[in-house]
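# Pasting the sequence and the predicted model now:
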Amino acid sequence: MPDTLPFPPRMGSNAGQPLSRRDGPLKVTGAATFAADNHPEGMLYAVPATAAIARGRVTGMNVAAARAHPGVVEVYTPANRPPLMHDPDEKLGLFGMRMEALQNDSVRYAGQPIAFVVAETLEAATEGAALLAPEYAAEPARVTAETGERYTPERVGFGGPLSVGAGDIEAGLAAAAHRLETRFETPDQYHNAMEPHALVAQWDGDKLTLDTPNQAIVMACGLFAAYFGIPAENIHLRSPFLGGGFGSKAVPTGAQILTILAARELGRPVKLALTRQQMFGPVGHRARTWQTLRMGLDGAGKLTALHHHSTGATSSFDDFIEPAAAASRTLYASPAILTTHDGIRLDTGTPGAMRAPGEASGSAALEVAIDEAAEVCGMNPLAFRLANYAEVEPITGKPYSSKALRECYEAGAKAFGWASRPLAPRQMRDEAGMLTGWGMGTAVFHCPMFPASAEAVIRADGTAVIRTSGADMGQGAWTALAQIGAAALGLDPDQVEFESGHSHLPDAGVAGGSGHTASAGQALHNAGEDAVARLAELASTDPASPLYGTGNAGVLARRGRLYARDDESRSESYAEILARAGKPQVEGTGKGARDPASAETYALQAHGAVFAEVKVDPELGQMRVSRMIGAFAAGRIINPKLARSQYLGGMIWGLSFALHEEAIHDRRTGRIVNADFAGYHVPVNADVPEMEAIMIHEDDPHVNVLGVKGVGEIGITGSVGAVANAIWHATGFRPHRFPVRIEDVLPSLS
């Protein structure tokens, strides 16, 4: 077998180097084509009419008025919706959700599609939807913890266990010198990627072409196919560019199904593009949680027990419970740990995956509770975390595949200046008289992998093409995956063409869970090695080649040449080998999947530490984050420029979680009253302070062949707690609900 060395910059590979994004020029010049930019000939426009109540039935609509509007082609309601081959109320696959596709006249949440108007223009479709003027038989909306239905789910997240633990919690609490019980509330957060959901559907007989942003391209084809009774290979899903996904663009939604259905029934292409307001409900969100942490501590400040319970909100008709308590399973050592969950059914859309599902909400509560415990013990928050540092995974006892968290603490604290932090709150002011506080939080995220496949072709001119149906939703997959493939081929990235972003390519798996680079990257790495091995076989069996007879000794691949491992003076270019063999190319294939033994033997996690400075106006209570520094260890970094961007993006989302982001429901109607960017607050440039991401070197031979862990989500975890803890340090007020409001802080300032 050839030795291609995954990331050897000394050999001419640019893997591991901070290359600029391949798609950057296309996006900044406007040449990138997003789904809604597609305009096939004869295209119609679809607009959903959405419910103005959260619970009840639609009793009437003025369909005749809508149909009579100039330009309206058809109006679909539950009374005339053509049949589907799969019931929208039956889940499909691990990630599938029940959806609303006009199967009946019931209303399950405000914003639910209740009719579907198709017209010659977007304006006509929008006006036709308004003319429907639906009437309702409304029932009281259940959108609060007090009005919701409490229940015990079977699983949490995507099939996770309801309860996980080890040791005797009650005995640990009873033996503790200090006991602490604290409660937290986190809000609804709604998917608001820069690009709203869109889809253009075109039928050609029983063949279907879809232009839509998607994070799991091949998997989604199978799901779409089930609703229409066609083979998955009859669907060509094109998704070259995504303007953000964050977990919301992996599985079909009801409006997408209706768009495809309308295109089939009307015999013309149909486009759907959701408005910003229509994103609040049908495409998933991060649900509210109510969390309780009970901790026992001995006289030295070490945990004797940690019980983390989370109640998660879900819809009235489906089950997705945010696995928030799972955040307490992996970070801190304790002889007794228990994480438990239950649920509350509300009249909202079904929640789902949203960047760092579970860990974002759970770590927000855990990291504030850890600071509270440090305060009870009279310890510096960093010293307390180090005192409870887990040398092995706490519940399972597994060794970590790698863990450089101590180094993250050290590097982050040094860069931030943590050593000069006073222990007590309200001890620091800046030159303008602002109360200043410093807080920290520990970051952690698991390292999933999904089955993936790829192919690599070395061409007669010595260049190559690599292929996999990867999804680049802004994280830089086009660039990082190309770097991995090029390194495996022994070529520079500019010698490698990268084909990605549509379903007729090998399945790249799911771009989610911070696992895409590891999954698709390993497939590309293996495909590149396979192609080089086939090339090496041609040379080693050809008496005319200087590499003849190297079969047992093997070869090295670098800069488009093969070198005899035992005598590097013997070498030959890829082009020369193929020319003499009379072949236009050699092809290799590869799979990406985790070795089951690694997951069984090791705890596989990325780690980090985030430090935040917050300034609070002592008279107004206005809070501003002025500085954040995060130090992260996530295995081998493929592209430091892209990784830094992901870390900073995660930290900014953590800032948003702590201070800005919240969907607010009208308790009477159940409607979200701030369903737009005017009322749903996210940070803008003025809110984002000085930020720094420090990358800690970490070699991990066990997590996967590449040693890659993933960087997309870990930046949120730790950041929320760091900001909240800095608020306490500035004011003496300990936040227990998010986002932290001025009215929460003001009483502590009087």
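Great, that's in hand.

# Now stretch 637-649 - C-alpha only, PDB.
The C-alpha trace of stretch 637-649 is given here as PDB (Å, rounded to 0.1, in the frame of the first residue of the first chain):
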ATOM      1  CA  ILE A 637      -7.400  21.100  12.200                       C
ATOM      2  CA  ILE A 638      -7.800  20.800   8.500                       C
ATOM      3  CA  ASN A 639      -7.900  24.500   7.800                       C
ATOM      4  CA  PRO A 640      -7.200  27.000  10.600                       C
ATOM      5  CA  LYS A 641      -8.900  29.900   8.900                       C
ATOM      6  CA  LEU A 642     -12.100  28.000   8.500                       C
ATOM      7  CA  ALA A 643     -11.900  26.500  12.000                       C
ATOM      8  CA  ARG A 644     -11.400  30.000  13.500                       C
ATOM      9  CA  SER A 645     -14.500  31.200  11.700                       C
ATOM     10  CA  GLN A 646     -16.500  28.400  13.100                       C
ATOM     11  CA  TYR A 647     -15.300  28.900  16.700                       C
ATOM     12  CA  LEU A 648     -16.000  32.600  16.500                       C
ATOM     13  CA  GLY A 649     -19.500  32.000  15.000                       C
END
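
# average pLDDT for it?
When pLDDT is averaged over stretch 637-649, the result is 96.

# got it, and stretch 100-112?
98.

# do the same with stretch 578-590
Mean pLDDT, computed over stretch 578-590, is 97.

# and if you look at stretch 379-398?
Taken as a whole, stretch 379-398 has a mean pLDDT of 98.

# Stretch 703-712 too?
96.

# Now do it: distance to the chain's middle.
Centroid separation for stretch 703-712 versus its chain: 15 Å, with CA atoms, centre = their mean, to the nearest Å.

# again with stretch 440-448
Per CA atoms, centre = their mean, the centroid offset for stretch 440-448 relative to its chain is 13 Å.

# secondary structure element for residue 643?
Applying DSSP states H and E as the criterion places residue 643 in helix 640-659.

# Would you give the sheet partners of the helix or strand that that helix is followed by, along with the direction of each?
Where DSSP H and E defines the elements, the next helix or strand beyond helix 640-659 is strand 690-695. Sheet pairing here is set by DSSP bridges, and for strand 690-695 it gives strand 623-633 (parallel).

# which non-adjacent residue is nearest residue 395?
residue 166 (4.6 Å; CB to CB, 6 or more residues apart in numbering). For the C-beta atoms, the positions are set from N, CA and C on the backbone; glycine is no exception.

# And for that neighbour, the neighbour number?
Neighbourhood size, residue 166 [other CB atoms under 10 Å]: 15.

# Start the count at 313 instead of 1 going forward.
Sounds good: first residue 313 from here, last item residue 478.

# That one and residue 710 touch, don't they?
No. Taking contacts as CB atoms under 8 Å, residue 478 lies outside contact range of residue 710: 11.9 Å.

# who's in contact with residue 594?
411, 412, 423, 424, 425, 565, 566, 567, 661 (CB atoms under 8 Å, 6 or more residues apart in numbering).

# Please name the nearest non-neighbouring residue to residue 405.
residue 535 (6.3 Å).

# Before we go further, that neighbour is sitting in a strand, right?
No. Read with DSSP: H, G, I helix; E, B strand; the rest coil, residue 535 is helix and lies in no strand.

# Would you check that it makes contact with residue 411?
No. Taking contacts as CB under 8 Å, residue 535 lies outside contact range of residue 411: 10.6 Å.

# Just the local confidence number for the residue nearest to residue 707, please.
Each residue has a pLDDT score; the one for residue 478 is 97.

# Quickly list what it is bridged to.
Assigned bridge partners for residue 478, using DSSP bridges, are residue 649.

# tell me the contacts of it?
648, 649, 706, 707, 708.

# May I ask which helix or strand encompasses residue 830?
Counting by DSSP H and E, residue 830 is found in helix 828-852.

# Tell me which residues of that helix come out buried.
828-848, 850-852 (16 or more other CB atoms under 10 Å).

# before we move on, what about stretch 711-722?
By 16+ other CB under 10 Å, the buried positions in stretch 711-722 come out as 712, 713, 714, 715, 716, 717, 719, 720, 721, 722.

# and what of stretch 470-488?
By 16+ other CB under 10 Å, the buried positions in stretch 470-488 come out as 470, 474, 476, 477, 479, 481, 484, 485, 488.

# So which of those belong to strands?
476, 477 (DSSP state E).

# Among the buried residues of stretch 470-488, which one sits closest to residue 461?
Among those, residue 474 lies closest to residue 461 (CB to CB), at 17.2 Å.

# show me what contacts the closest residue to the closest one other than its chain neighbours?
Leaving out its chain neighbours, the residue that sits closest to residue 474 by CB to CB, 6+ apart is residue 653, at 5.3 Å. Neighbouring residues of residue 653 by CB under 8 Å, 6+ apart: 465, 468, 474, 475, 621, 622, 623, 624, 633, 635, 636, 637.
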